[in-house]
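Peer 1: sequence and predicted structure below; questions after.
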Amino acid sequence: MANDAVNKVDNFASGLNAGNGSNAANAQDAANNPVAAEEKVDENLDMLLSDIGEILEEDAAAFVQGFVQKGGE
């Protein structure tokens, strides 16, 4: 379950740059309509935080253990 949250964070971060097309096209779209671009990022971030919140409600200890280094890692 903690791995699900980590994967969602990674996917969210990747999606900020990837979008649905090339980075140049995404940058142009954001320049043409910055409010819509900001709303899209806000929407995605809200969904991500909601997912993390649900995971933390279920098992916060397991979530934290996913980020704890063990031994020489």
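Peer 2: Thanks, I have the structure now.
Peer 1: helix or strand right after the helix or strand of the chain with the lowest mean pLDDT?
Peer 2: Ranking every helix and strand in the chain by mean pLDDT, DSSP states H and E puts helix 2-18 at the bottom, with a mean of 64. Where DSSP states H and E defines the elements, the next helix or strand beyond helix 2-18 is helix 23-32.
Peer 1: which helices and strands sit right next to that next one?
Peer 2: Here helix 23-32 touches helix 34-65, going by 3 or more CB pairs under 8 Å, 6 or more residues apart in numbering; DSSP states H and E. The way it works is simple: take the backbone N, C-alpha and C, and place the C-beta from them, glycine included.
Peer 1: so which bits of the helix it packs on are buried?
Peer 2: 37, 40, 48, 52, 55, 63 (16 or more other CB atoms under 10 Å).
Peer 1: and the least confident of the residues you listed?
Peer 2: Lowest pLDDT among the buried residues of helix 34-65: Phe63, with 77.
Peer 1: now the buried residues of helix 34-65 as CSV including distance to Lys70?
Peer 2: CSV is the format used below for the buried residues of helix 34-65 (distance: CB to CB, whole Å):
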residue, distance to Lys70
Ala37, 40
Lys40, 37
Leu48, 26
Ile52, 22
Ile55, 20
Phe63, 16
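Peer 1: which pair in those residues spans the largest distance?
Peer 2: Within the buried residues of helix 34-65, two members stand farthest from each other by CB to CB: Ala37 and Phe63, at 30.0 Å.
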